[in-house]
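Participant: Build me a model from this:
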Amino acid sequence: MDAVEHTFQTDPQAGPTTTDAARSDMLSDRIRELRKRAGLSQDALAERIGVSRQAVTKWETNAGLPDISNLTALAHLFEVSVDELLENTPLARADEKGYLFTSLTQCDVKDARSFDINVCGSRRIVAEPSPDGRVCVLLGSDTIGLMDKLRVYLDQGRNFDVDVTRLEGVTDAECREGLDVIVRLPQTDRGVELTGNTTELVLRGLDCPHVEFGGRVSTVIIDGLVGHVELDANGDVDVSCASLPDKLDLNQHSVASRIVVPRGAEFATRTRGFRNRIVLEGVEEDEDEDARHVIELNGFASELTIVGA
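Facilitator: Okay, here's the model as predicted:
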């Protein structure tokens with residue numbers, strides 16, 4: 001495998017301190033980096049925290065500084081502390097914090113292609129954009145000895161395959177209790193297929209036309225995705241959408257699931273299959289057949305409740 005890097009650590013080290021004179025430059029860089037990691041435009045960030053786009057532009061170009069209320073809002077949105085916004089320390093993502101043990105595997109990508117990702121049992125799977133165009137797989141856990149029993153394989157064939165597997169001596173249930181998997185992917189004009197057995201799935205800011213998940217999951221969080229998202233879930237699922245993709249399909253058999261959408265979101269609904277039903281609570285669907293966003297329930301004898309946040 002070309003240019004594969006793997007690191008294991010138990011105690012992240014802090015970087016050097018900074019002077020007040022350099023702090024504002026660093027803050028502007030951090031706001032821009034965190035916004036891009038979250039898959040937000042300047043307009044979207046401004047709307048989320050209640051300021052103008054011009055204010056965000058000033059912060060990111062060091063032409064102005066956010067006040068304490070806006071710093072607090074930014075920290076809350078990006079799931080970091082205010083100190084992390086201001087200090088010259090390595091910027092850990094919220095997903096990386098608090099782990100006693102981490103394992104990082106990353107690889108350069110030769111060209112844009114589809115990604116096939118298979119994850120063993122896990123507590124949480126996060127799929128999000130790569131900040132540097134590389135494939136990056138971060139494992140995080142507080143369980144002693146678990147990292148020694150896991151392997152990450154990256155293979156650039158017809159598709160780019162990512163496999164997170166467990167060795168003998170550890171069960172799927174143990175991984176579901178103590179393992180988080182964060183996968184960062186570069187932009188692709190094809191798609192991402194993800195399979196796994198997890199409690200929570202987070203799909204955030206991926207830049208691709210199609211994302212499909214297959215397997216067991218209890219909670220799904222979708223934010224900043226466009227294109228087509230398919231969830232082939234074996235069981236009841238709670239889906240929370242900070243923003244709606246163009247099309248969201250839920251493929252299920254004999255279960256009852258729920259999707260929470262932003263209040264005021266415009267979308268149409270469709271059902272396909274046999275004895276499926278969609279219930280709306282606190283939201284109204286768009287009757288236009290050409291609606292920008294579509295939520296579709298496929299399968300057999302299932303019910304989907306759509307709720308306004």
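
Participant: where along the stretch 201-309 of the chain do the strands fall?
Facilitator: With strands called from DSSP state E, counting those that start in this stretch, the stretch 201-309 of the chain shows them at 210-216, 219-223, 228-233, 238-241, 247-253, 256-261, 268-274, 277-281, 294-300, 303-308.

Participant: Please apply the same query to the stretch 51-200 of the chain.
Facilitator: Along the stretch 51-200 of the chain, counting by DSSP E, counting those that start in this stretch, strands occupy 101-107, 115-119, 122-129, 135-141, 150-156, 160-166, 180-185, 191-204.

Participant: ok, now which ones touch the residue nearest to S103 when sequence neighbours are not counted?
Facilitator: In this structure, S103 finds its nearest non-sequential neighbour in L139, 4.3 Å apart by Cβ to Cβ, 6 or more residues apart in numbering. (Glycine included, C-beta is placed from N, CA and C.) By Cβ atoms under 8 Å, 6 or more residues apart in numbering, the contact list for L139 reads 102-104, 147, 150, 152, 164, 179-182.

Participant: Report the separation between L139 and E33.
Facilitator: Using Cβ to Cβ, to the nearest Å, L139 is found at 23 Å from E33.

Participant: just to revisit the earlier point, when you filter the contacts of L139 down to buried only, what's left?
Facilitator: By neighbour count, with 16 or more other Cβ atoms under 10 Å, those hold 102-104, 147, 150, 152, 164, 179-182 as buried.

Participant: in the sheet, who's paired with S141?
Facilitator: For S141, the beta-bridge partners under DSSP bridges are F101.

Participant: wait, isn't it in contact with D180?
Facilitator: Yes. Counting by Cβ atoms under 8 Å, D180 is a contact partner of S141 at 6.9 Å.

Participant: Mind listing the shared neighbours of these two?
Facilitator: Common neighbours of S141 and D180 (Cβ under 8 Å, 6+ apart) are Y99.

Participant: ok, now which ones touch the residue lying closest to S81 once chain neighbours are set aside?
Facilitator: Nearest non-adjacent residue to S81, counting by Cβ to Cβ, 6+ apart: A75, 5.8 Å away. Neighbouring residues of A75 by Cβ under 8 Å, 6+ apart: 81-82, 84-85.

Participant: between the contacts of L139, which is closest to R53?
Facilitator: Comparing these against R53 with Cβ to Cβ places I182 closest, at 29.4 Å.

Participant: Quick check: pLDDT value at the closest one.
Facilitator: At I182, the predicted lDDT confidence score is 95.

Participant: give me the low-pLDDT residue ranges for the chain?
Facilitator: For the chain, the stretches flagged by pLDDT under 70 are 1-24, 39, 87-98, 112.

Participant: Off-centre distance for the longest helix along it?
Facilitator: Counting residues, the longest helix found in the chain (DSSP state H) is helix 20-37. Relative to its parent chain, helix 20-37 has a centroid offset of 22 Å by Cα atoms, centre = their mean, to the nearest Å.

Participant: next one: stretch 166-180
Facilitator: Stretch 166-180 sits 21 Å away from the centroid of its parent chain (Cα atoms, centre = their mean).

Participant: Restricting to C-alpha, output that stretch in CSV.
Facilitator: C-alpha atoms of stretch 166-180 as CSV (Å, rounded to 0.1, in the frame of the first residue of the first chain):
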residue,chain,number,x,y,z
ARG,A,166,-11.5,-7.3,15.2
LEU,A,167,-9.1,-10.2,16.0
GLU,A,168,-9.9,-13.3,18.0
GLY,A,169,-10.2,-12.6,21.7
VAL,A,170,-12.6,-9.7,21.4
THR,A,171,-16.3,-9.8,20.7
ASP,A,172,-18.6,-7.6,18.7
ALA,A,173,-20.4,-6.7,21.9
GLU,A,174,-17.2,-5.5,23.5
CYS,A,175,-16.5,-3.2,20.5
ARG,A,176,-20.1,-1.9,20.6
GLU,A,177,-19.5,-0.9,24.2
GLY,A,178,-16.0,0.7,23.9
LEU,A,179,-15.0,1.6,20.3
ASP,A,180,-15.5,4.8,18.4
